[in-house]
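Q: starting from these lines, generate the structure:
(chains A, B, C, D, E, F, G, H, I and J, ligands or ions: 10)
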Amino acid sequence: MNGVDLIKACSAIGAGLAMIAGIGPGIGQGYAAGKGAEGVGRQPEAQGDIVRTMLLGAAVAETTGIYGLIVALILLFANPFF
Amino acid sequence: MNGVDLIKACSAIGAGLAMIAGIGPGIGQGYAAGKGAEGVGRQPEAQGDIVRTMLLGAAVAETTGIYGLIVALILLFANPFF
Amino acid sequence: MNGVDLIKACSAIGAGLAMIAGIGPGIGQGYAAGKGAEGVGRQPEAQGDIVRTMLLGAAVAETTGIYGLIVALILLFANPFF
Amino acid sequence: MNGVDLIKACSAIGAGLAMIAGIGPGIGQGYAAGKGAEGVGRQPEAQGDIVRTMLLGAAVAETTGIYGLIVALILLFANPFF
Amino acid sequence: MNGVDLIKACSAIGAGLAMIAGIGPGIGQGYAAGKGAEGVGRQPEAQGDIVRTMLLGAAVAETTGIYGLIVALILLFANPFF
Amino acid sequence: MNGVDLIKACSAIGAGLAMIAGIGPGIGQGYAAGKGAEGVGRQPEAQGDIVRTMLLGAAVAETTGIYGLIVALILLFANPFF
Amino acid sequence: MNGVDLIKACSAIGAGLAMIAGIGPGIGQGYAAGKGAEGVGRQPEAQGDIVRTMLLGAAVAETTGIYGLIVALILLFANPFF
Amino acid sequence: MNGVDLIKACSAIGAGLAMIAGIGPGIGQGYAAGKGAEGVGRQPEAQGDIVRTMLLGAAVAETTGIYGLIVALILLFANPFF
Amino acid sequence: MNGVDLIKACSAIGAGLAMIAGIGPGIGQGYAAGKGAEGVGRQPEAQGDIVRTMLLGAAVAETTGIYGLIVALILLFANPFF
Amino acid sequence: MNFVEQFFDWLLSFDKETLIYAASAIGAGLAMIAGIGPGVGQGYAAGKGAEAVGLNPKGSKQSTMVMLLGAAVAETSGILALVVAIILLYGNPIVNVQGASIILAASAIGAGFSMIAGIGPGIGQGYAAGKATEAVGRRPKLHSAVVRTMFLGQAVAQTTGIYALIIALVLMFANPFIR
Ligand code: NA
Ligand code: NA
Ligand code: NA
Ligand code: NA
Ligand code: NA
Ligand code: NA
Ligand code: NA
Ligand code: NA
Ligand code: NA
Ligand code: NA
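A: Ligands and ions are numbered 1, 2, ... in the order given. Below is the predicted model:
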């Protein structure tokens, strides 16, 4: 076993850890989905506005999940350590 | 034991960690399901809109769970480290 | 101890970690169950629609728990590492 | 150290980790229980429907806890690694 | 294996850990998205103000996720330890 | 490998752990954002007061995230251990 | 490697762990911020009292985050172990 | 490395872990702060009673955070293990 | 290094882990504090009953935090393992 | 150099009892984390109880009783965790088992991890207790129907905590890895 192998092994764990960030957007966007569905049921005439706001807010909430994915992909495919 | 074995061992752990992201969509989509059921009970005439918004929002909330799955599958079946 | 043994040992841990994803659907679907029960109490005449929406939403919320199970089963029974 | 011993040791830890999934159904079903009790307090005449919906939803919420249990039992009693 | 390799290996894990901070903004911004969608449905005439406040608040909530990303990027690309 | 290398390696992990504090402000400030957006929709005439209170409260909620960042930066750039 | 180096390495990890306490005040104070913003929107005439109570309560909620910071700073700069 | 050094190293980690308890009082007291601020806005004439109850309840909620701090301080400054 | 040193080292970690239980009472009692403050603001004439019930319930909620403390103190001062 | 093998060699340099006791100390600490659940849940019940007696002082006796009853159920997983920790500390069954020390030590840690599941039932049952307290506070006459529904739901919410206990007991008393 050499040093690069250890780096690769720990990078696999690091990539897995980074994905855990995905818990956040999953919960948050699900909340937005629920509130959106509730709103559309109450004010069907405002459906367009509600869904647009929900999706805009969900896009903002996605970012940290994407950051986690990017760090994982860097560790996997563009690892600066070897 | 050689280095590739250590990488494989840690990749198995990394794959398991990545799946933990699935907590998020599970909670979020369940919230949306609850709000959808509530909405359909209150405004049965808006059932189509409510369910459609719920599913749209749930699809958005699924993404980070899928990211986690993809990283796990890369670690298992397309591991760039060996 | 040889390398394959280490891989198998860490795969057992990885399988256990992957199951933790099940926290999410458990919470989310339980929320949906609660909202469904509340809705049925309030609008008994809409029971069919409420329960159907609840189950549809719960099915969507189950997916990441299934992903975790699949990754665990792959690690246990179709391990690509040895 | 003998390799099978290491596999067994890590399988014991993996089994313990898999059970952590049980957090989810515990929270979720408890939420459903609370909403059920609330509903019965508000609409005693709908008690049958409320309790039935609560139990149906709780059964759905149990699944990922069962998955965790199954993976733990496999690791303990039907371990494919040795 | 030499010392720098160990530092690199642990930096990969540290980068993964830092990303976990992303859970927070994901949940928080998703909450804001849901409240924004609800508000827009109720007061469509105030849509501009609601969305602007939602985005301002979401920007504030993003910061700790960015801190985590910065620390991860420092560990990956500007590591002061070697 | 010498001792300073181990300290550096563990400092990288410690820095990553410290960032996890960021979950808190992310959730809390997102909640404030949601409540702010809701409030602005309901009382547009009080927008100034609402946004000011939201930002004041969010500033207070940021502190522990900053503490985590400071400890991480000390570990990275002003490490007292070597 | 000597013993003091191991103590220093683990102190770095301990300092990082202690900061995780910051999740709590972040969430709690953010909740207070949201409630404060809501209250100010509803009763602008009570703004002084609302904000004062919010800040008093937030100060109380900060303490455990400070405890974590103090323990981390002790581990870093006044380590009793060496 | 001798045995006392290992004890000291693990005590540093134990002290860090004990501080994590602080998440709880932080969230709980923040909730109390929010409810207190809300209450004061609604019933300014009851401000004294509200704030007193909030602080009494927050004092009770602080205890487990203090327990964690005490255990950490024992590990650091009055370690019974060496 | 002898065996008792390893037991002592792991006992320090175990004591730290046990304190994490304190998250629960901290959150729960803070919720009770918030509800108590709210109640006292609404029904000042029932202040005695409200505060008494809040404290009674909070005492019950403290128990598991005490259990954690007891286990930690046993590990530290009355360790049955050596 | 292979530090993985070095680490295991170092572990195996300790005698069996030492390794098991060291792991049991960690396992006992892990098990206690379950206490988060009852703490959150019972606190919720406490808050709902305070609210209920404020809204309906005449029904305060009944709502307080329901709060305590529901909170007692929510305590279960905290007690189970404490029992597992006490067994590991004072009646450690693992140390008397013939077998490889590494397996037995890991089983103590696994048992501790397993008990963490108790967070769920603790929170959930406490929520149910709070909602039942609220309902009884509003309509004390419906006391028995509400409490029955609460108990039924709490029983359902307990199952994953029981599963976890079973796995912990298997690891401690009927370890299948030792022949
Ligand atoms: Na974001
Ligand atoms: Na998403
Ligand atoms: Na899903
Ligand atoms: Na399920
Ligand atoms: Na922020
Ligand atoms: Na703060
Ligand atoms: Na505090
Ligand atoms: Na307390
Ligand atoms: Na308790
Ligand atoms: Na269950």
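
Q: which strands or helices does the helix or strand harbouring J:Glu51 pack on?
A: Counting by DSSP states H and E, the element that carries J:Glu51 is helix J:36-55. Counting contacts by 3 or more Cβ pairs under 8 Å, 6 or more residues apart in numbering or on different chains; DSSP states H and E, helix J:36-55 packs against helix D:23-42, helix H:23-42, helix I:23-42, helix I:47-77, helix J:60-90, helix J:119-138. All C-beta atoms are positioned from the backbone trio N, CA, C, and that covers glycine.

Q: and the angle from that helix to helix J:119-138?
A: 10 degrees (axes from the mean of the first three to the mean of the last three Cα atoms, to 10 degrees).

Q: helix J:36-55 to helix I:47-77, inter-axis angle?
A: Following the same axes, to 10 degrees, one obtains 170 degrees for the angle between helix J:36-55 and helix I:47-77.

Q: helix J:36-55 near ligand 9 at all?
A: Yes. Helix J:36-55 comes into contact with ligand 9 (Cβ under 5 Å from the ion), by way of J:Pro38, J:Gln42.

Q: what's the angle between that helix and helix J:60-90?
A: Using the same axes, to 10 degrees, helix J:36-55 lies at 170 degrees relative to helix J:60-90.

Q: what parts of chain A come near chain C?
A: A:Ile23, A:Gly26, A:Gly30 (Cβ under 8 Å from any Cβ of the partner chain).

Q: so where's chain J shaky on pLDDT?
A: J:1 (pLDDT under 70).

Q: center of it - which residue?
A: Most central in chain J under Cα atoms, centre = their mean is J:Ser77, positioned 2.9 Å from the mean C-alpha point.

Q: quick check, that residue in contact with J:Gly122.
A: Yes. Contact criterion Cβ atoms under 8 Å: J:Ser77 and J:Gly122 qualify, at 4.8 Å.

Q: between these two, which contacts overlap?
A: Listed as contacting both J:Ser77 and J:Gly122 by Cβ atoms under 8 Å, 6 or more residues apart in numbering or on different chains are D:Gly26, J:Ala34, J:Gly37, J:Pro38, J:Gly161.

Q: could those go into JSON lines alongside neighbour count and distance to H:Ala37?
A: Formatted as JSON lines, the shared contacts of J:Ser77 and J:Gly122 follow (neighbours: other Cβ atoms under 10 Å in any protein chain shown; distance: Cβ to Cβ, whole Å):
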{"residue": "D:Gly26", "neighbour count": "36", "distance to H:Ala37": "32"}
{"residue": "J:Ala34", "neighbour count": "36", "distance to H:Ala37": "33"}
{"residue": "J:Gly37", "neighbour count": "36", "distance to H:Ala37": "28"}
{"residue": "J:Pro38", "neighbour count": "38", "distance to H:Ala37": "28"}
{"residue": "J:Gly161", "neighbour count": "31", "distance to H:Ala37": "36"}
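
Q: out of those, which is nearest to A:Arg42?
A: D:Gly26 (32.3 Å; Cβ to Cβ).

Q: ok, that closest one to ligand 9 distance?
A: 15 Å (Cβ to the ion, to the nearest Å).

Q: surely that residue and J:Gly126 touch.
A: No. Look at D:Gly26 against J:Gly126 with Cβ under 8 Å: they stay out of range, at 10.4 Å.

Q: circling back to that earlier point, out of the shared contacts of J:Ser77 and J:Gly122, who's nearest ligand 5?
A: Of all those, ligand 5 sits closest to J:Gly37, with 29.0 Å by Cβ to the ion.

Q: got a list of what the closest one touches?
A: Applying Cβ under 8 Å, 6+ apart, the residues near J:Gly37 are D:23, D:26, I:24, I:64, J:74, J:77-78, J:118-124, J:126.

Q: OK, contacts around the residue of chain A found nearest ligand 5?
A: Closest to ligand 5 within chain A is A:Thr64: 11.3 Å, counting by Cβ to the ion. Going by Cβ under 8 Å, 6+ apart, A:Thr64 touches A:21, A:24-25, E:19, E:21-26, E:62, E:65, E:68-69, F:26.

Q: so which of those comes closest to J:Phe3?
A: E:Met19 (26.2 Å).

Q: can the helix or strand where the closest one lies be said to contact chain F?
A: Using DSSP H and E, E:Met19 maps to helix E:3-19. Yes. Applying Cβ under 8 Å from any Cβ, one finds helix E:3-19 touching chain F at E:3-4, E:6-7, E:9-11, E:13-18.

Q: which of those residues count as buried?
A: Neighbour counting with 16 or more other Cβ atoms under 10 Å in any protein chain shown marks E:3-4, E:6-7, E:9-11, E:13-18 as buried within the residues of helix E:3-19 next to chain F.
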